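Visitor: What shape does this take:
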Amino acid sequence: MPLSRFHALREYLNQVILGQPVLTENLLIALIADGHLLVEGPPGLAKTRAVKALCDGVEGDFHRIQFTPDLLPADLTGTDIYRAQTATFEFEAGPIFHNLILADEINRAPAKVQSALLEAMAEGQVTVGKNSYKLPELFLVMATQNPLENEGTYPLPEAQLDRFLMHLNLDYPSAETEFEIMRMSRKEALKQAAPTVEPIIQKDIFEAREESLELYLAEPLEKYIVDIVMATRQPQRYSDELASWLEYGVSPRATLAMERCARARAWLQERDFVSPEDIQAVAPNVLRHRLLLSYQAQAEGVTSDRVIDHILSQVAVP
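Guide: Sure thing, here's the model as predicted:
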């Protein structure tokens, strides 16, 4: 069982990414649940460092792509190159053909580039001209958005946001953690001993995914997941306040994502069954980017997190 390897990886991630336990935990959940992450937070919160550290702990290669307004789809996917020696066109793979991808500031790229990335995430392939090319079997994208400035950005439509397994909101670390970050940075600059971890081979990752899908999920908990989803589509059944906040509910992708993430969390906690706490823990990150709030909710300053908290308080726990 590869569980002990994942525990060692989690410990390593928490040693090199200080003050972001939510990020490290959900990176592992996304890895086991076979999904992609959208991370939103101010700059400098170790988002790039997190993916690099995950790559150090996993058998695979990493590539960071800085999204800019002048980026073209071919800069991401690759393109056909003419070879004069053979008088033929040959496909030159782009940076998307790596195991772990950091799509930095995804909302700065134009719609065609975003569409190319989302096809890769959803289909596990890219299309160039008439041909489609398969991506590696182990393929994880962590896309970031900077919420502090919107000039020169192309916000992702709700239908495209739905392709992300989870949406995390990061905040600044505490004062105590800032001290630890300074000391760790100084040690790295002096090239002193740094934490290490034995990489998890890809075979163990695929085995972990299979084991998580075999965990026991009781039928009442399946109904609990569906009830949470239905509360976003039929909010009037729960409260007039909730109905006034929601314009549209979440798609069936949310149901599937909540189940997969709850299973991954239970597996990481060494349980052979899924509990209501697993579902409640992953629900905010799964639902946050899929809810479409009404104009009234936005005018009142109601956030998606507040809506999700209200739903979890209203839906009966089995």
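Visitor: Give me the neighbour count for the nearest residue to residue 195 once chain neighbours are set aside.
Guide: Using Cβ to Cβ, 6 or more residues apart in numbering and skipping the chain neighbours, the partner closest in space to residue 195 is residue 15 (4.3 Å). All C-beta spots, glycine's among them, are computed from the backbone N, C-alpha and C. Look at residue 15: counted by other Cβ atoms under 10 Å, it has 15 neighbours.
Visitor: Helix, strand or coil: sort out residue 15 for me.
Guide: Each residue gets one of three states, and residue 15 gets helix by DSSP: H, G, I helix; E, B strand; the rest coil.
Visitor: From residue 58, how far off is it?
Guide: 16 Å (Cβ to Cβ, to the nearest Å).
Visitor: Need the residue closest to the centroid of this structure.
Guide: Nearest residue to the geometric centre of the chain (Cα atoms, centre = their mean): residue 37, 1.1 Å.
Visitor: buried stuff in the lengthiest helix in the chain?
Guide: Longest helix of the chain, by residue count under DSSP state H: helix 252-268. If you call a residue buried by 16 or more other Cβ atoms under 10 Å, then helix 252-268 has these buried ones: 253-268.
Visitor: Kindly report the same for stretch 278-295.
Guide: For stretch 278-295, by 16+ other Cβ under 10 Å, it's 278-291, 293.
Visitor: the strands in the stretch 151-300 of the chain, which residues?
Guide: Taking DSSP state E, counting those that start in this stretch as the criterion, the stretch 151-300 of the chain contains strands spanning 166-169, 246-248, 292-293.
Visitor: go on, the stretch 1-150 of the chain?
Guide: Using DSSP E, counting those that start in this stretch, strands in the stretch 1-150 of the chain cover 37-40, 62-66, 78-83, 88-93, 100-104, 125-128, 131-134, 140-145.
Visitor: TSV for those, including distance to residue 31 and mean pLDDT?
Guide: Output for the strands of the stretch 1-150 of the chain, formatted as TSV (distance: least, Cβ to Cβ, whole Å; pLDDT from 0 to 100):
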stretch	distance to residue 31	mean pLDDT
strand 37-40	10	90
strand 62-66	13	89
strand 78-83	25	86
strand 88-93	23	86
strand 100-104	9	89
strand 125-128	20	86
strand 131-134	20	88
strand 140-145	6	89
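Visitor: mind checking pLDDT for the residue nearest to residue 195?
Guide: We note a pLDDT of 89 for residue 15 in this prediction.
Visitor: which residues sit in contact with the residue nearest to residue 199 when sequence neighbours are not counted?
Guide: Once flanking residues are discounted, residue 199 sits nearest to residue 59: 4.9 Å by Cβ to Cβ, 6+ apart. Taking Cβ atoms under 8 Å, 6 or more residues apart in numbering, we find residue 59 in contact with 199, 200, 201, 202.
Visitor: This completes my enquiry, with thanks.
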